[in-house]
Structures are given as structure tokens and as C-alpha cells.
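In: could you work out the structure for the sequence below:
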Amino acid sequence: MSTVNPPSTGGGTKGLVFWAILTTGLASFMAGLDNLVIITALPTIREKLGGSLADLEWTVNAYTLSFAVLMMFGAALGDRFGRRKVFCLGLLLFTGASAAAAMAPGVGELIAARAVQGAGAAIVMPLSVTLLTVAVPPEKRGSALGIWGAINGLSIAAGPLVGGVVVEHLSWQWIFWLNVPLGLILAPLSWRKLAESSIADSRLDAVGTVLSGVGLFGIVLGLIKGHENGWTSPMVLTGLVGGAAVMGLFVLWENRTDKPMVPMRLFRGRAFTGINLAGVLMSVGMFGAIFLMTQFFQLIQGYTAMQAGVRLLAWTAMPMVVAPIAGMVSDRIGGKPVVAVGLALMTAGMAYWAVVMDPDVSYVKQLPALMICGAGMAMFYAPLMNLTMGSVAEHEQGIASGVTAATREVGAALGVALLASIFSANGGFASPQNFVDGLVPAMWVGAAAVGLGTLFMLIVPGRGAQDASQSAPVAKSSPATSDEKSAPAPAR
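Out: Got it, this is the predicted structure:
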């Protein structure tokens, strides 16, 4: 049973909705921004702190991996101990880890701080959706979640640019210091303005969390160390084979436990499986390509961090233009064709990039690839949540949205590790041509991954078949505020 207690301050339903959108939106913006904000700072961090390409990968992957692995666990913590309470603790954890990252004396300490940051984000992100859902009346929930989604889209677009501007005009440490005052303001504000809620019979799947974390860490470690130690070295084989074996144990455990972190029954549906496979593969290509392209812009073409961030806006800011149109089109014809076309566009854009890539290639020549990839990404993300919700019964929609978000973060970690491994196996940093020799095959692998995602998307049933899956009743929760009668059970 879900219980909801109103916040400690008054102000009526409208005031509560405003504060809920503001606090949860800003918190999720911070968490989303730190996915990519470090990207344009990587060459500077390498210069200041030292470290290999593998170390740079871990500064990105430590965040995305802990984010992905702990997201469902973070949602369960909120269900068990109180969502507002755990949300505020997640904000403080994220803020403290940001300060630790800013003060890191070496790359190892930075990686550790990024892992803790990801843990904080894994608490903040899913609970921000839940708390917003509880605070907003049903008739306004669609608009509120739309605003929340737009804020998250903006955080992805702004990441490389914010990182570039901060590195160029302040220092790389300030990409983390900026989180500190915002987090210290948001935590007490959220405590005062958000309603508390929990689920009385909620249980934590600690075993599933540990198994998924160890398994994914082993696989990513093997991919990152493969090009350094050799693909047949004991460390790499242990990571890849052992990680895959532990993930197999994770699946077995989730099928046996009464309260699974990731209900495996969801993957019995062709729609849900296809959507999540497509999401993983899209993230593999997108994050891996952006990781390498930011370094190409700065190290090979001589752009500053800010100039590289501005140039990447042709990719990362396209969703702000295309997503609303893609959303309207998907309302008319269904989400499947829009997402499939979006993935096909990303595949074409990355393939074009691989064809024209050269140490002296002009930005104008690269611009079509950036814009095509950006438009494709927008067409993927715009209808994704509706597709996810339509692929399961209503009472499973909360957990399904959390699983979809987590699998995309897993894809991001795998993409950076995989494409960097392909890059290192074929090239390196010895010369501009050596860099391009590694970048081109990595880009082809990224294009192939997104292309495979397109094929998986084609197995997803159309709108009519998905609508039939929503016939199960949805659980009801207690009033979200003193002014509301009732609200559906919040999404995890």
C-alpha cells in the first residue's frame, strides 16, 4: 500500500505543483548534465591529471555504470524508506561527490568520485519522476511530465557546451563545483516543498543489485582493458567471461525472487524487449561516438573546449527542434515508425562521418552527419516513453520506465568502452592520421550498433497490439496533497 503525507508548508495545489516541477526538474537536470558535461573537459583533465585513454573512459563510465546499476535500487530505497527523504539524501550524496570530484588530486580519485556521483544520480533521477507524479493532479500530469522531459533533454544538449565554456573560462574543476550550491539549495527546498510517500510492503533486492553491479563492471572492465593487456590476458578474460556469468546468475535470481529489481517477465513481451535492445544499441553508438569526436575536435582539429562544445550542438541541440515535431507525428501514426526512422538516420549519419573522416576534414563537411544524428536521436527519444508504457500493462508502467532508463545508461557505458577499444586497436594519439585510423573503424562499429538497433525496433508490434496490453487495472494511491482526492501509484 502506498502512503502519502503532504509537505510541511502550505500554498495550495498550484503552489505544490510549481515547486514539484521546479525541484524535481532542477535535480534531474543536474543528474542528466553530468552524463556528458565531462566530455569536452577530457583532453584538459588528461593534461592536468595524467592518465591513459582507459582512465578517461572510466571518468565517463564510472558515472554511467553506477547510475545504471543503482537506478532501480534507488527507486526501491525511496519506496521503502520514504521518497522525499531518500531523494534529499541522494541530492546531498551527489553534491558531496561533486565537491570530491572538483578536489580530486589525481585521475583515480576523480574516477571514484564520479562513481559516487552516479550513485547519487541513480537515487535522484527515478525518484524525481515519482515525486512529481505524486504532486501533480492526474489532469495536469501529462503536461508536468512533458516539462520534466524537456528539462532532461536540455541537460543532454547542454552537457558538452557547458563543459566547454566552464573549462575555457574557469577551470575543469568548476564543471563539478557548479553542482554544489545548487544541490545545497535544492535539498532543503525539496524537504519543505515535496510530499512524502512510501510503499508499506516494499522490499529491497540487494542480491540483484550486487549481481548486476559486479557483472556489468566485469564486462566493462574487460572491454576497457582489452586493448591494453590483450584480449586473451587473464584479467580481460576474467572480466568478460566472469561478468557474463554473473549476469546470468542475475537473470536466474531475478526470476526466482519474490521482489525482483528487474522483473524478467517484462522481457517476455516482444515490444518491451525490442524497445530496450534498440535503446541499448542506440546508446552504444551515440555515447561512444561523442566520446571520441570531442577529442578529435580538440586534439586533432585544434578547437578549444568551448568551440568543440558549440560544434557538437549541431548534434546535441537538434532534439530541442525536432522532438516536438516527432512527438506530434508519433501521436498520429504511432511511435514505432518514428523511432525506427530515427535510428536509421543515426546509422546513416555515423556511416557518413566514417566515410568523410580525415585529419583536415572541414566542419562544414561534418555538419550533415552531426545534424542527421541529432535529428535521429530526437526521433528516438520523443516517443520512447509512450512506447515503453504501451508495451506493458498499466500496473507495470513505473518499473518498465525505470528499466528502460537503466538499460540506456548501460548502453552508454558499454559504448564508450567498446568504441574506445576499437579505436585503440586500430590507432591512437601518435599523430593526426593515427587518430583517424582508429576513429574510422570505431565509427563504423557505432553505426553498425545503431543499425542493429533499427532492426530490433522493427520487431516491436504496432500501436494496436500495444494498446491491448494496457487493459490491466492500475493501482491507486492515497491523496498526493491535502487538496487532492486521489492519484495513481507513482512511477518508479
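
In: for the residue nearest the centre of the chain, helix, strand, or coil?
Out: Nearest to the geometric centre of the chain sits E409, at 4.3 Å (Cα atoms, centre = their mean). Of the three states, E409 takes helix according to DSSP: H, G, I helix; E, B strand; the rest coil.

In: now for the closest residue to A340 other than its chain neighbours: which residues touch it?
Out: If the residues on either side of it in the chain are set aside, A340 comes closest to M457, at 4.6 Å by Cβ to Cβ, 6 or more residues apart in numbering. For glycine as for every other residue, the C-beta is placed from the backbone atoms N, C-alpha and C. Counting by Cβ atoms under 8 Å, 6 or more residues apart in numbering, M457 touches G274, I275, A278, K336, V339, A340, L343.

In: neighbours around the closest residue to the residue nearest to the centre of the chain other than its chain neighbours, how many?
Out: Spatial nearest neighbour of E409, chain neighbours left out: A68 (3.3 Å); criterion: Cβ to Cβ, 6+ apart. The number of residues packed near A68 is 27, by other Cβ atoms under 10 Å.

In: do you know how far A68 is from L216?
Out: 7 Å (Cβ to Cβ, to the nearest Å).

In: which residues do those two both contact?
Out: In contact with both A68 and L216: V410, A413, using Cβ under 8 Å, 6+ apart.

In: after the one helix or strand P337 maps to, which helix or strand is next?
Out: Following DSSP states H and E, one finds P337 within helix 335-356. Using DSSP H and E, the helix or strand that directly follows helix 335-356 along the chain is helix 363-381.

In: only the buried residues of that following helix, if you could.
Out: Residues of helix 363-381 classed as buried: 366, 369-381 (neighbour count, 16 or more other Cβ atoms under 10 Å).

In: can I get those in CSV with distance to G402?
Out: Formatted as CSV, the buried residues of helix 363-381 follow (distance: Cβ to Cβ, whole Å):
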residue, distance to G402
Q366, 36
A369, 33
L370, 31
M371, 32
I372, 30
C373, 27
G374, 26
A375, 27
G376, 25
M377, 21
A378, 23
M379, 23
F380, 18
Y381, 16
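
In: dump the residue contacts of the closest residue to P441 other than its chain neighbours.
Out: Leaving aside its sequence neighbours, P441 sits nearest to N426 (Cβ to Cβ, 6+ apart; 4.9 Å). The contact partners of N426, taken as Cβ under 8 Å, 6+ apart, are D437, G438, V440, P441, A442.

In: can you do 7 Å?
Out: D437, G438, P441 (Cβ atoms under 7 Å, 6 or more residues apart in numbering).

In: among these, which lie within helices?
Out: Those of the contacts of N426 mapping onto helices are D437, G438, P441, per DSSP state H.

In: any idea which of the residues you listed is closest to Q117?
Out: G438 (28.7 Å; Cβ to Cβ).

In: count of neighbours near the closest one?
Out: 24.

In: wait, it touches S424, no?
Out: Yes. If you go by Cβ atoms under 7 Å, G438 and S424 touch, sitting 6.5 Å apart.

In: picking up where we left off before, can you redo the ones in helices among the contacts of N426 as CSV with distance to N229 and pLDDT?
Out: Shown next, in CSV, are those (distance: Cβ to Cβ, whole Å; pLDDT from 0 to 100):
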residue, distance to N229, pLDDT
D437, 21, 90
G438, 18, 90
P441, 20, 93
